[in-house]
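>>> give me a 3D structure for the following:
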Amino acid sequence: QPALLQRQSPGQDWSLADRQAPIFCALFRRCDRSRARSKTGYASEHRYLGMANGSGTGLPNRSTIHRHSDGRTNWSTGICGRRLDHNCILAVDYASVGVMACTSKAIGAQNPKRAGIACTQSVLLSVITGFVIGAIAVAVSPFLPGWLGAEEEIRKDAFLYFCITSLPMVFRAAATILGAALRATGNTKGPMVITTMSILVNLVLNFLLIYPSRKFQLTEQIVVPLWGAGMGVIGAAVATGISFIFNGVFMFLLLRKNQYYQIGRREAGISRSVLKECIRVGLPVALRCIVIYLGHIFFTGMIGKLGTLAIAAHSIALTAEKAFYIPGYGMQAAAATLAGTEAGRQDTERLKLMVRLMTEISLAIMTVLSLLLFFFPAQMMSLFTPDEQVIAEGARVLRIVALSEPLFVIAVIVEGVFDGVGNVNTPFAVSVVALWLARLIPTYICVNVLNLGLESVWWCMVCDNVLRCLLLWAMFYRRDWGAYFQRSASIAE
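Purely as a prediction, here's the structure:
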């Protein structure tokens with residue numbers, strides 16, 4: 001990894017970084033995607049890291065954060081892969097949230113027939129969503145890198161990677177949507193095992209398809225020949241596509257064994273009420289994701305004005321921070337499922353009790369992690385770069401954001417609860433208000449008017465987290481959940 005992040009002097013050989021980049025990027029990209037699945041539809045979380053050699057996102061590369069001799073940074077190359085990948089998954093995530101909410105509420109209402117129908121129709125949603133999004137993605141793949149500002153030298157690789165990984169979009173949609181249906185029925189271990197296996201498949205295929213045949217020296221006397229296809233970026237894309245297929249197929253096979261799916265199979269035809277509820281819940285989630293994602297693009301663009309050092313420190317600090325708030329999204333998935341179940345039962349007291357318990361557990365975990373992040377930020381930064389200036393700058397902003405991590409996880413939990421009960425408009429409105437009032441507008445003032453540095457930008461991020469937490473928490477406890485559950489039940493009928 002340090003080879004990818006070191007400063008390049010004129011004439012320095014980048015062959016080591018070039019060889020390492022695709023496999024590291026594939027590893028980080030797949031781990032990030034498995035986390036996205038586990039949080040059941042929360043797609044607003046963004047990937048700030050760059051694309052190495054056009055092979056995907058996940059690890060800062062020389063184009064993303066490298067300080068060239070003339071002081072310029074090729075930032076468009078870094079964000080190209082992230083944008084390509086993120087644009088496609090938004091519609092898939094909205095469908096998964098709708099399926100999760102509909103299924104869990106039906107189970108809570110002790111209506112196995114409706115839960116079964118939701119599970120069976122999740123297959124139909126997977127096929128439709130995957131086919132439509134995949135067809136659009138393949139059609140625009142030759143032009144999209146240019147639209148997103150990628151430089152000419154990486155457009156071909158970006159196009160090939162994006163096109164190949166978009167071909168199995170039906171299987172990718174199945175892995176996300178069917179996984180949400182399984183988790184809504186209480187089966188969380190199965191999707192976890194399948195996703196873990198798909199990550200391993202991707203890693204093995206990356207190792208075999210990206211690199212050419214070579215020899216691996218175990219000892220001075222023992223040399224093991226290793227076969228490799230030497231396909232480079234194409235190999236990374238093929239490996240990712242096969243892992244998508246693996247994930248989708250085995251997720252479907254697991255769903256077929258589910259008891260609710262077996263019940264739903266006996267029902268002929270398509271239930272319009274179930275599809276309507278999935279779309280009613282899922283569509284605002286998609287809009288929320290798009291609005292927040294566009295806001296984060298604007299936010300990243302403003303940070304680019306602070307210079308290369310700020311960009312590098314910001315990117316790597318965000319990567320380090322992710323390791324500390326991932327548990328919060330796991331708890332969000334559980335909170336969303338349990339909230340949907342209590343909504344089906346129309347039990348407001350159990351809902352509030354569940355939220356309080358989930359919040360206390362998450363708060364305890366995040367407090368410990370926040371203390372680690374506050375006292376050891378430089379050590380976290382040093383895992384990703386040897387640059388002392390980047391480490392020092394990143395350590396300062398990590399200490400800042402560590403103060404708001406406990407409040408951030410509360411906002412994540414409550415947001416999951418709103419999604420689980422089907423009240424997705426509230427977190428949509430809160431996210432937009434907090435994003436603009438507490439993050440984007442203050443960041444613009446700090447960067448363009450007051451000419452402040454990166455630390456002021458991260459204080460704006462903290463304000464965003466705090467405001468989201470306070471607004472969501474207040475709205476949850478001010479809401480008349482009994483009346484809401486009755487209206488929701490009447491609409492479903």
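>>> centre of the chain versus stretch 261-274, how much separation?
Relative to the mean C-alpha coordinate of its chain, stretch 261-274 is positioned 31 Å out (C-alpha atoms, centre = their mean, to the nearest Å).
>>> only C-alpha atoms, please: export it in PDB.
Extracted in PDB, the C-alpha atoms of stretch 261-274 (Å, rounded to 0.1, in the frame of the first residue of the first chain):
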ATOM      1  CA  TYR A 261     -40.900 -17.900   0.100                       C
ATOM      2  CA  GLN A 262     -42.500 -21.300   0.100                       C
ATOM      3  CA  ILE A 263     -45.800 -19.800   1.200                       C
ATOM      4  CA  GLY A 264     -45.600 -17.100  -1.400                       C
ATOM      5  CA  ARG A 265     -45.000 -19.500  -4.200                       C
ATOM      6  CA  ARG A 266     -48.500 -21.000  -3.700                       C
ATOM      7  CA  GLU A 267     -50.100 -17.600  -4.500                       C
ATOM      8  CA  ALA A 268     -50.700 -17.100  -8.200                       C
ATOM      9  CA  GLY A 269     -50.300 -13.700  -9.900                       C
ATOM     10  CA  ILE A 270     -48.800 -10.400  -8.800                       C
ATOM     11  CA  SER A 271     -50.000  -8.500  -5.800                       C
ATOM     12  CA  ARG A 272     -50.300  -4.900  -6.700                       C
ATOM     13  CA  SER A 273     -50.600  -3.800  -3.100                       C
ATOM     14  CA  VAL A 274     -47.300  -5.400  -2.200                       C
END
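>>> and Ser271, what are its phi and psi?
With angles defined as degrees, to the nearest 10, Ser271 sits at phi -90, psi 110.
>>> count the neighbours of it for me.
Neighbourhood size, Ser271 [other C-beta atoms under 10 Å]: 18. (Each C-beta comes from the backbone N, C-alpha and C, glycine too.)
>>> was I right about it contacting Gln121?
Yes: applying C-beta atoms under 8 Å as the test, Ser271 and Gln121 come out as touching, 6.6 Å apart.
>>> I'd like the average pLDDT over stretch 427-443.
Per-region confidence: stretch 427-443 scores 94 on mean pLDDT.
>>> mind listing residues that contact it?
44, 284-285, 287-288, 291-292, 295, 298-299, 302-303, 414-415, 418-419, 456-457, 460-461, 463-464, 466-468, 471-472, 475 (C-beta atoms under 8 Å, 6 or more residues apart in numbering).
>>> what's the PyMOL line that selects buried ones from the residues you listed?
Buried subset of those, written as a PyMOL selection, criterion 16 or more other C-beta atoms under 10 Å:
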select buried, resi 44+284+285+287+288+291+292+295+299+302+303+414+415+418+419+456+457+460+461+463+464+466+467+468+471+472+475
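>>> looking at the contacts of stretch 427-443, which are in helices?
284-285, 287-288, 291-292, 295, 298-299, 302-303, 414-415, 418-419, 456-457, 460-461, 463-464, 466-468, 471-472, 475 (DSSP state H).
>>> which residues touch the residue nearest to Ser141 when sequence neighbours are not counted?
Spatial nearest neighbour of Ser141, excluding adjacent residues (C-beta to C-beta, 6 or more residues apart in numbering): Cys163 at 4.0 Å. Shown in contact with Cys163 (C-beta under 8 Å, 6+ apart): Ala137, Val138, Ser141, Pro142, Ala237.
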